[in-house]
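*Asks:* Kindly generate the corresponding structure for this input.
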Amino acid sequence: MMIPMIRHGATGAFALAALLVAAGCSRTMKEPAPAVNATPPAPAPAKPAVSTTLPVGVIFDGKTLTGWEITDFAGHGTVLATNGEIRVGLGHMTGITLTNTNDLPRMNYEVSLEAMRVDGSDFFCAVTFPVGKDHCSLIVGGWGGGVVGLSNINSEDASQNETTKYMNFANNKWFRVRVRVVPGKILAWIDDDQVVDVDTAEKVIGLRIETESCTPLGFATWNTAAAWRNIQVKKL
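*Replies:* Numbers count the residues shown, from 1 in each chain. A predicted model of the protein is given here:
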């Protein structure tokens, strides 16, 4: 900024001072001081995680196979989730296996469901479940349609060990199936009838090779069409 020359004594001095002050004010207006103690903008909230699995509890949503996969059995039938049910078509051996296993208990729990044979004459519900570090299966309606029992106990399957029982299962009728695993025992009920109460402390608990693909928790049929619903796991 050019300041004009002033030659009039005191009056000129006052005028010069006024011009200098004005020049300083102009510079201050053009270069404002930065704000002090400015509050930084808040970070954007994190997006909630999207879960594609189901928690332990009710583990079939009645609409989809979320949290499950169709078990890779050779020659298996169709598996569809519809109208609150899982419908299993005729096939050599057909089943589903739980994929959401993070919270799956291995002791002190119950697994339950309702099962119905739709067509065929063999087992319409094989429940494969964990027993501590091992696994076992409850067979419902095997060996021609009537055998109930655990496979395996001391390497013997449901048709030839101490849990073997025979029951009648009409087609197109729902049956409530429940398995309880506690230290030293496996218990099971069909409707209100207790069908298994076996001590496991001194026994070898195992599986038939056919159901190994259903571990740690799964359901299967043999040459039979079936329906399953209300599948639940409850910690005790």
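*Asks:* What ranges does this protein have for its helices?
*Replies:* 9-30 (DSSP state H).
*Asks:* Residue ranges in it under the pLDDT threshold?
*Replies:* Counting by pLDDT under 70, the low-confidence segments of the chain come to 1-56.
*Asks:* how about 90 then?
*Replies:* Scanning the chain with the threshold set as pLDDT under 90 gives 1-59, 100-103.
*Asks:* so where do the strands sit in it?
*Replies:* For the chain, the strands defined by DSSP state E cover 68-70, 79-82, 85-88, 93-98, 109-120, 125-131, 134-142, 147-151, 165-166, 175-182, 185-190, 193-199, 218-222, 224-235.
*Asks:* Only alpha carbons, please: show the third one as PDB.
*Replies:* What it means is strand 85-88. Output in PDB follows, covering the C-alpha atoms of strand 85-88 (Å, rounded to 0.1, in the frame of the first residue of the first chain):
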ATOM      1  CA  GLU A  85     -41.600 -76.700   7.100                       C
ATOM      2  CA  ILE A  86     -38.500 -78.300   5.500                       C
ATOM      3  CA  ARG A  87     -39.800 -80.700   2.900                       C
ATOM      4  CA  VAL A  88     -37.500 -83.600   2.000                       C
END
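*Asks:* The nearest residue to Pro130 once chain neighbours are set aside - how many residues pack around it?
*Replies:* With CB to CB, 6 or more residues apart in numbering as the criterion, Pro130 has its nearest non-adjacent residue at 4.2 Å, and that residue is Arg106. Glycine gets a C-beta too; all of them are placed from N, C-alpha and C. If you count neighbours by other CB atoms under 10 Å, Arg106 ends up with 16.
*Asks:* Confirm for me that Arg106 is in contact with Phe129.
*Replies:* No. With contact defined as CB atoms under 8 Å, Arg106 does not count as touching Phe129 (9.0 Å).
*Asks:* thinking again about what came up before, show me what contacts the residue nearest to Pro130?
*Replies:* Pro130, Val131, Gly132, Lys133, Val181, Pro216 (CB atoms under 8 Å, 6 or more residues apart in numbering).
*Asks:* any idea how far it is from Trp222?
*Replies:* 26 Å (CB to CB, to the nearest Å).
*Asks:* which residues do Arg106 and Phe129 both contact?
*Replies:* The contact lists of Arg106 and Phe129 share Val181, Pro216, where a contact means CB under 8 Å, 6+ apart.
*Asks:* how close does the residue nearest to Pro130 sit to Ser151?
*Replies:* 18 Å.
*Asks:* same check, this time on Gly57
*Replies:* Gly57 is 27 Å from Ser151, by CB to CB.
*Asks:* How about Leu65?
*Replies:* Counting by CB to CB, the gap from Leu65 to Ser151 is 25 Å.
*Asks:* Next, count neighbours for the nearest residue to Phe60 once chain neighbours are set aside.
*Replies:* Closest residue to Phe60 apart from its sequence neighbours, by CB to CB, 6+ apart: Ile231 at 4.1 Å. Ile231 is flanked by 25 other residues according to other CB under 10 Å.
*Asks:* Tell me which residues touch Ile231, please.
*Replies:* Val58, Ile59, Phe60, Ile86, Val111, Ser112, Leu113, Phe219.
*Asks:* Selecting buried members of the residues you listed in PyMOL, what would you type?
*Replies:* Under the burial definition 16 or more other CB atoms under 10 Å, those of the contacts of Ile231 that qualify are selected in PyMOL by:
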select buried, resi 59+60+86+111+112+113+219
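*Asks:* What is the nearest of the contacts of Ile231 to Gly145?
*Replies:* Phe219 (17.5 Å; CB to CB).
*Asks:* Okay, and the beta partners of the closest one?
*Replies:* Under DSSP bridges, the beta-bridge partners of Phe219 are Ile96, Val127.
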